[in-house]
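Engineer: predicted coordinates and the sequence they were generated for:
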Amino acid sequence: MIQPPDTTVPHVVQPNFHVGFDSITKQIEKRLLKRGFQFNIMVVGQSGLGKTTLVNSLFASHLAATSGRVNPKEKLISTPKIKVVSHTIEENGVHLKINIIDTPGYGDQINNEGCWDPIHKYIKEQHVLYLLQELNAQRKPHISDTRVHCVLFFIQPNGHGLKPIDITVLKKLSEIANVVPVIAKSDSMTIAEREVFKIILQKEFAYYQLCLYPNNLEDYDEEEHHVNARIRQIIPFAIVGSEKLINVDGKQIRGRKTRCGIIDIEDEAHCEFPHLRNFLISTRLQDLIETTALIHYEKFRFSRLIALKENSSSQSGSNTNGSSTASQHQKQHRQLVTAGAAPMVSSINNGTLSKHLVQINNTIPAADTPHYPQGI
Ligand SMILES: Nc1nc2c(ncn2[C@@H]2O[C@H](COP(=O)(O)OP(=O)(O)OP(=O)(O)O)[C@@H](O)[C@H]2O)c(=O)[nH]1
Ligand SMILES: [Mg+2]
């Protein structure tokens, strides 16, 4: 058994002259700036709630077709299948590549059983893809990340609360991704109605024990817990989407023109769309990326590696000469890829999870040893 060297440092040493390691943050920054950042966001919700419109509103460009019609004869354009649109934003030398995953609306069939399956499957598949890259014998220096960092979940502005189908979908998705709920088409409610509806929804989230974003990690300090508590008071954001530019006193604004006036989606007094964009892009971007890796992907990785290990040990028991056959390799590969094949570990909290991971890392053979199935 290899023992790690004793590296406990008794006290902090102050060098007598400038050594130069304080430039490490600059070195990291330079490397990160060169590589750029990747953020993957998905919109999910029942049909016609304005998901595609929001995708287009978020980045002020027409990235996908919506069902917005000004004439009843026009064809209804619904999002037919999961569609990923990529966008690179550059600001002061920082490159952010955003993948927006638009999903078809669900809930308008007679039988809605399993209508969220393609969305659930898509998120899991991205975890599988990442794991396969990690386990590859010839790993790339930079693994391409298509894992969904944030799911924007659209809630119908009915004033009553969540529908049973919403509760089911929210439960399913929050187990595997960071879910941020939003009240869709909030221009259909008065400000007072909006506030009451928010409170109803927040109570329902707590009642149904929905583990929505932000999650609290064990190593968060008091300030971070405080910030998360504040975010939970604001969520769900009451948003309005529009891709139309309207001329108001010679100024172009993005909004919705109604008989009663104009709703400027960029105006905080009209809706919380600016808060949502600020939240996603300016304040919580890194946290959403980090928690996807630390909580959701780690949970997935843990369950898959455990399943793989159990499978290997049961096979080595039955295989007397210890060599793996091609069919066993295929079986292991399938086990990694098949969604739901491995036991979920949602009952394990983060502390015990990391302890388990240390144990697995010690007991599971190194990723690039030939023990792993070919082609992973
Ligand atoms: N009043 C109002 N209408 C909106 C809002 N956002 C979108 N719409 C309108 O709602 C209709 C449906 O919008 P989409 O963006 O296509 O909705 P979707 O959720 O992508 O629809 P599916 O792809 O069919 O699920 C369009 O007519 C939009 O113009 C909003 O915030 N308020
Ligand atoms: Mg759509």
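Structural biologist: Yep, that arrived. Ligands and ions are numbered 1, 2, ... in the order given.
Engineer: where do the strands sit along the stretch 201-350 of the chain?
Structural biologist: Taking DSSP state E, counting those that start in this stretch as the criterion, the stretch 201-350 of the chain carries its strands at 237-238, 245-248, 251-258, 261-264.
Engineer: which SS class is the residue lying closest to Arg139 once chain neighbours are set aside?
Structural biologist: Leaving out its chain neighbours, the residue that sits closest to Arg139 by CB to CB, 6 or more residues apart in numbering is Gln133, at 6.9 Å. The C-beta positions use only the backbone N, C-alpha and C, and glycine is treated the same way. Put simply, Gln133 is helix when judged by DSSP: H, G, I helix; E, B strand; the rest coil.
Engineer: from ligand 1, how far out is Gln133?
Structural biologist: Per CB to the nearest ligand atom, to the nearest Å, Gln133 is found 31 Å from ligand 1.
Engineer: my guess is that residue contacts Asp145. True?
Structural biologist: No: taking contacts as CB atoms under 8 Å, Gln133 lies outside contact range of Asp145: 9.2 Å.
Engineer: of the two, which one has the most company?
Structural biologist: Asp145 (20 against 16; other CB atoms under 10 Å).
Engineer: now that one, nearest residue through space, not along the chain?
Structural biologist: Gln38 (5.1 Å).
Engineer: ok, now which ones touch the one you found?
Structural biologist: Gln38 makes contacts with 96-97, 99, 144-145, 289, as judged by CB atoms under 8 Å, 6 or more residues apart in numbering.
Engineer: circling back: could you dump the strands of the stretch 201-350 of the chain into JSON lines with mean pLDDT added?
Structural biologist: Converted to JSON lines, the strands of the stretch 201-350 of the chain look like this (pLDDT from 0 to 100):
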{"stretch": "strand 237-238", "mean pLDDT": "93"}
{"stretch": "strand 245-248", "mean pLDDT": "85"}
{"stretch": "strand 251-258", "mean pLDDT": "85"}
{"stretch": "strand 261-264", "mean pLDDT": "84"}
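Engineer: closest to ligand 2 out of the ones you listed?
Structural biologist: In terms of CB to the ion, the element of the strands of the stretch 201-350 of the chain nearest to ligand 2 is strand 251-258, at 17.0 Å.
Engineer: next, the buried residues of the closest one.
Structural biologist: Within strand 251-258, the residues that count as buried by 16 or more other CB atoms under 10 Å are 253-256.
Engineer: next: stretch 157-175.
Structural biologist: 157, 162, 166-170, 172-175.
Engineer: thought Ile82 was touching Asp117?
Structural biologist: No: between Ile82 and Asp117 there is no contact under CB under 8 Å: 11.5 Å.
Engineer: CSV for the strands of the stretch 201-350 of the chain, including distance to ligand 2?
Structural biologist: Shown next, in CSV, are those (distance: least, CB to the ion, whole Å):
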stretch, distance to ligand 2
strand 237-238, 19
strand 245-248, 20
strand 251-258, 17
strand 261-264, 20
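Engineer: closest one to ligand 1 among these?
Structural biologist: Ligand 1 lies closest to strand 251-258 among these, at 5.9 Å (CB to the nearest ligand atom).
Engineer: tally of neighbours for Ser314?
Structural biologist: Using other CB under 10 Å: Ser314 sits among 10 other residues.
Engineer: no no, Ile246
Structural biologist: When neighbours are counted by other CB under 10 Å, Ile246 comes out with 15.
Engineer: and it, what does it touch?
Structural biologist: Contacts of Ile246 by CB under 8 Å, 6+ apart are 252-255, 257, 262.
Engineer: make it 6 Å
Structural biologist: Listed by CB atoms under 6 Å, 6 or more residues apart in numbering, the contact partners of Ile246 are 253, 255, 257, 262.
Engineer: dig out what the nearest residue to the last one once chain neighbours are set aside forms beta bridges with.
Structural biologist: Ranked by CB to CB, 6+ apart and with sequence neighbours excluded, the top spatial neighbour of Ile262 is Gly255, at 5.3 Å. Using DSSP bridges, the beta-bridge partners of Gly255 come out as Asp264.
Engineer: Gly255 contacts Ser242, correct?
Structural biologist: Yes: using CB atoms under 6 Å, Gly255 is in contact with Ser242, at 5.5 Å.
Engineer: which residues do these two both contact?
Structural biologist: Ile265.
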